[in-house]
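Engineer: Provide a 3D model corresponding to the input given below.
(one chain, ligands or ions: 1)
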Amino acid sequence: MSFTVAIDGPAAAGKGTISKAVAAHFGFAHLDTGLLYRAVGAGVLAGGDPVAVAQALDPSDLESDALRSAEVAEAASRVATNAAVRDALTAFQRGFAARKGGAVLDGRDIGTVICPAAQVKLFVTASAACRAERRFKELQAKGSDTTLEDVLADVLARDARDASRSVAPLAAAADAVLIDTSELSIAQAVAQAIAVIENVQKSLQD
Ligand code: C5P
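Structural biologist: Here you go, the predicted structure:
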């Protein structure tokens, strides 16, 4: 039987870290769905047509480190407003969610659009200032000379675009459990997520 954990939330809230830790803890497969949009964004930056790139996407396209750049993130959030691009990526995500042995998908619309019947839905968030500071430290550690102000502006611009688009906007599903990581350590945030999942597993066994 499939068991799907949907983890949504804004940029740099800790979704990726929590998703990886949860997948490792329970032995579930993990899909960072942002990489799909980043791969399409990168294809468009290289001159491709967004829908054609999305339709031709191959899982091996998700492995490049170049997808992590701020430029690609920006391009991803632009192509993500295109309904035909989103449609082209839906079947792959649903197929991944339905695999045996459990799956964690993190993104913006997993609990609302891609897997509305997911057994667990988490909405992971944090204040914009916190998220910008974390992203800034990550970028600094990679040698980037960007400023905190620029990173905050980038986070706010992406949030605004993701939350205001007409197709599949960033939103918590009505039945999602909210985890605000602003004041939490990584270990605390992961422990909260694991506790929610264990409760659901227990209730399914009863
Ligand atoms: O999560 P990440 O920052 O890698 O996502 C990049 C962009 O892809 C987001 O800003 C968002 O616009 C888009 N995205 C989306 N739906 C998802 C995952 C990502 O629209 N499920």
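Engineer: Show me which residues of the protein are close to the ligand?
Structural biologist: Applying C-beta under 6 Å from any ligand atom, we find that the chain lies next to the ligand at 11, 33-34, 37-38, 73, 76-77, 80, 107-110, 158, 162. All C-beta atoms are positioned from the backbone trio N, CA, C, and that covers glycine.
Engineer: The same query, at a cut-off of 5 Å, please.
Structural biologist: Contact residues (C-beta under 5 Å from any ligand atom) of the chain with the ligand: A11, T33, G34, Y37, A76, S77, A80, G107, R108, R158, D162.
Engineer: May I see the buried residues of the helix or strand containing the fifth one?
Structural biologist: Using DSSP states H and E, the element containing A76 is helix 70-79. Judged by neighbour count using 16 or more other C-beta atoms under 10 Å, the buried positions of helix 70-79 are V72, A73, A75, A76, S77, R78, V79.
Engineer: Now do the helices for this protein: every range, in order, please.
Structural biologist: 15-26, 34-45, 50-55, 70-79, 83-97, 128-141, 148-164, 186-205 (DSSP state H).
Engineer: could the ones you listed go into TSV alongside distance to V120 and mean pLDDT?
Structural biologist: Listed next are the helices of the chain as TSV, based on distance: least, C-beta to C-beta, whole Å; pLDDT from 0 to 100:
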stretch	distance to V120	mean pLDDT
helix 15-26	9	97
helix 34-45	19	98
helix 50-55	27	98
helix 70-79	25	92
helix 83-97	12	97
helix 128-141	23	94
helix 148-164	22	92
helix 186-205	5	97
